[in-house]
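K.L.:
The sequence and its predicted three-dimensional model are supplied below.
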Amino acid sequence: MPHLTSTTAGTTSTGLDMGLGIPGYAHPLVAPLEWGELTRPGTPVHWAVLNVGGGPGIRPDPHCLEAAGRLTNAGVRVLGHLDVTYGARSYGELISEANRYLDWYRVDGFFLDRCPTERAVLPEIRRIITTLRALLAPGHIVLGHGAHPYPGYAENGDQLVTYSGPWSEYRWSQVAEWTADYPPERFCHFVHGVPRRHLEEALRIARWQGAGTIWFTDRFGRGGRTEPWESLPGYWDEIVSRIGPGVSE
């Protein structure tokens, strides 16, 4: 179902142009080019996720601290990776990891990976987010659902990842009708396996469906959740040059 930006009364837009959300590159020692490209002037990055080792790690990592510092100095938000595991992880575990991210890397917000979508789990997720906001004051919270959640989640996260998956499914995907009540900067799409010849089509779908933050790559996953996102797409320069207000819808 195509989606055009809503004109519903009370819906406001910050005017944020389409940009990139980085789900989490490999470690800076393994992917120095990737981390370096995010600080190149003019690169439209909304935020990048720092995932040291499934979380903040057990001790400060100087290489990750340096990478995070460079992004912050370049005006790019750095988000700490918190794996919610669909609501299975405890409040205490997640808040402990959040504090380590803040103490060690001075992150600007958090990415709640594998965030549940069900209405029943919303109160616990709201509790976690409320505490994170008290710690951040202010900060940016992205809920990594990967699918459309119960609409109430939109009242808690700054952004929601409403699609994360392969191009073969994305090109036929539909958007939930309730998303029309919110501006595009509230939603993110992560798509892997997008061939270069379909990049324009993928960008058009994202705009039609109202996604203001994207990550498209021609990389494929081979069993691991993070594999497609750990390196640059082969058309990195092209996608950087094409997104933004000048791209035709």
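P.N.:
Now that the structure is in, tell me what you want to look at.
K.L.:
in the chain, what spans have low per-residue confidence?
P.N.:
Scanning the chain for pLDDT under 70 picks out the ranges 1-16, 222-226, 244-249.
K.L.:
mind running it again at 50?
P.N.:
For the chain, the stretches with pLDDT under 50 are 1-15, 244-249.
K.L.:
which residues in it form strands?
P.N.:
Along the chain, counting by DSSP state E, strands occupy 19-22, 45-50, 77-83, 109-113, 140-144, 159-166, 187-192, 213-216.
K.L.:
got CSV for the ones you listed, with mean neighbour count too?
P.N.:
Yep, even glycine has a C-beta here, placed from its N, CA and C like the rest. Putting the strands of the chain into CSV (neighbours: other C-beta atoms under 10 Å) gives the following:
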stretch, mean neighbour count
strand 19-22, 22
strand 45-50, 24
strand 77-83, 24
strand 109-113, 26
strand 140-144, 23
strand 159-166, 22
strand 187-192, 25
strand 213-216, 23
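K.L.:
Same list (those) but as JSON lines, adding distance to Ala176.
P.N.:
Below are the strands of the chain laid out as JSON lines (distance: least, C-beta to C-beta, whole Å):
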{"stretch": "strand 19-22", "distance to Ala176": "19"}
{"stretch": "strand 45-50", "distance to Ala176": "22"}
{"stretch": "strand 77-83", "distance to Ala176": "24"}
{"stretch": "strand 109-113", "distance to Ala176": "19"}
{"stretch": "strand 140-144", "distance to Ala176": "14"}
{"stretch": "strand 159-166", "distance to Ala176": "7"}
{"stretch": "strand 187-192", "distance to Ala176": "10"}
{"stretch": "strand 213-216", "distance to Ala176": "17"}
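K.L.:
Quick one: closest of the ones you listed to Ala202.
P.N.:
Of all those, it is strand 213-216 that lies closest to Ala202, at 5.3 Å by C-beta to C-beta.
K.L.:
which strands and helices sit next to the closest one?
P.N.:
Applying 3 or more C-beta pairs under 8 Å, 6 or more residues apart in numbering; DSSP states H and E, one finds that strand 213-216 contacts strand 19-22, strand 187-192, helix 199-208.
K.L.:
Reformat the ones you listed as JSON lines; add distance to Glu177.
P.N.:
Formatted as JSON lines, the helices and strands packed on strand 213-216 follow (distance: least, C-beta to C-beta, whole Å):
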{"stretch": "strand 19-22", "distance to Glu177": "23"}
{"stretch": "strand 187-192", "distance to Glu177": "13"}
{"stretch": "helix 199-208", "distance to Glu177": "14"}
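K.L.:
Can you get me a residue count around Pro44?
P.N.:
By other C-beta atoms under 10 Å, the residues close to Pro44 number 16.
K.L.:
got the contact list for the residue nearest to it when sequence neighbours are not counted?
P.N.:
Nearest non-adjacent residue to Pro44, counting by C-beta to C-beta, 6 or more residues apart in numbering: Gly19, 4.0 Å away. Neighbouring residues of Gly19 by C-beta atoms under 8 Å, 6 or more residues apart in numbering: Pro44, Val45, His46, Gly212, Thr213, Ile214, Ile243, Gly244.
K.L.:
Just send the residues you listed back as TSV, with distance to Gly57 too.
P.N.:
Shown next, in TSV, are the contacts of Gly19 (distance: C-beta to C-beta, whole Å):
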residue	distance to Gly57
Pro44	29
Val45	23
His46	24
Gly212	31
Thr213	26
Ile214	28
Ile243	32
Gly244	35
